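S.K.: below is the sequence, then the predicted model.
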Amino acid sequence: MISELKTLLHQLKKMGHYEAAEAVEELADEYDEHEEYDDIQEDYDQPVAEYDELEYIEQEEDSAEKFFGSWINVVPEVSKLLAKRRLPGKVEFDIARYYESEIEGSALLSKFEWAGSGSFRIALSPIGSPGYIVKFARGLRGAKMNKSEFDKQQDFKGLFTEVYGHGAGGFGTNFDWVIFEKVNIIETNEEVSKFFPEIIDNYNDLGKPSQVGMQTALRYLLQIEVADKELPDEYLSSRAKQVEAFKLIFKESPYWWLEDLKSNELFYKLVAVSKELGVDVDDLGIGNLGVNNKGDLVIIDASLLEDFNASDKDFVNSLY
């Protein structure tokens, strides 16, 4: 049909009937479009053999879920649940998980195991993902502590546990929960001494077992270096008072010990953290320090004075 129209078109132009030729040309174009559509439709109507060597691509899972596991999807809901239910300790948490299956949220809690708690936060570890720990705020003050630990990790890279993510949950702030790397908590003097061989050498040179541990020596030496040198000697927190206490306990001057510590970079990093961030020296010891998977000493739980001294308005405004 299309070839016949084209022949007629050629003849009309040859005879000078240009208006008629234009009409025939439009008709030929219109018919050409219909013919092309019919060819395409015919291809679609052909039966497709089963599978027909087609490659079917499964929908890729969410990147966060792929990295962490399925538990990451329920973290905000767990935060909301913990905001509603007071679970002050491991016993209460286990009861909620195992014995109250009919209560809202127990299925969520079953994805986690107890890791610890404090006045302002609860720490849970996702089952099946032993490398992570999630700290959930128990209130706005806990959320502020989460934010502080996140900020500290940014400022002192390598000295604090690594942060993988944070977000909103039961209190609507960006730090209702924070995901940290899970580390081995230091629980003995021997574990601490590996990082401060200079202190343990001096400690052993005392000649007789002391009634206090090596951790006590570390704490006093840190306090001496952190103490405000301008503070009058009579103040308990003054450098002079700390030196006096050290001499009373260890029967010798701390300055010999500090001289040996000059080359210990880690010791002076802890000093800098306490001075610059206001971390309490008492938080730089057993129970608050840990060892990551690289074998490095890290701070896992340290309170900033500003978190306790700030007004409610100040710390709430910083969370959003």
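M.R.: Received, thanks.
S.K.: please count neighbours and contacts with C-alpha atoms only from this point.
M.R.: Fine.
S.K.: residues near the residue nearest to Ser125 when sequence neighbours are not counted, how many?
M.R.: Setting aside the residues directly before and after it, Ser125 is nearest to Ile133 in space (CA to CA, 6 or more residues apart in numbering), at 4.6 Å. For Ile133, the count of nearby residues is 24 (other CA atoms under 10 Å).
S.K.: now Asp296
M.R.: Neighbours of Asp296 using other CA under 10 Å come to 15.
S.K.: now it: how far from Glu259?
M.R.: 23 Å (CA to CA, to the nearest Å).
S.K.: now do Lys135
M.R.: Applying CA to CA to Lys135 and Glu259 gives a distance of 39 Å.
S.K.: who has more neighbours out of those two?
M.R.: Neighbour count, other CA under 10 Å: between Lys135 and Glu259, Lys135 has more, with 26 against 10.
S.K.: that one contacts Phe175, doesn't it?
M.R.: No. Lys135 lies out of contact with Phe175 (CA atoms under 8 Å); the separation is 9.5 Å.
S.K.: joint contacts of those two?
M.R.: Residues touching both Lys135 and Phe175 by CA atoms under 8 Å, 6 or more residues apart in numbering: Asn146.
S.K.: domain assignment for this protein?
M.R.: 2-43, 63-185, 189-286 (automatic domain parsing).
S.K.: columns distance to Asp301 on top of those domains, output as TSV?
M.R.: Below are the domains of the chain laid out as TSV (distance: least, CA to CA, whole Å):
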stretch	distance to Asp301
domain 2-43	67
domain 63-185	8
domain 189-286	7
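S.K.: out of those, deepest packed?
M.R.: Neighbour counts (mean count of other CA atoms under 10 Å) averaged over each of the domains of the chain peak at domain 63-185, with a mean of 18.
S.K.: end to end on stretch 240-260, go ahead and measure it.
M.R.: Start and end residues of stretch 240-260 are separated by 20 Å (CA to CA).
S.K.: should've said stretch 259-266
M.R.: 15 Å.
S.K.: residues in contact with it?
M.R.: 195-196, 198-199, 267.
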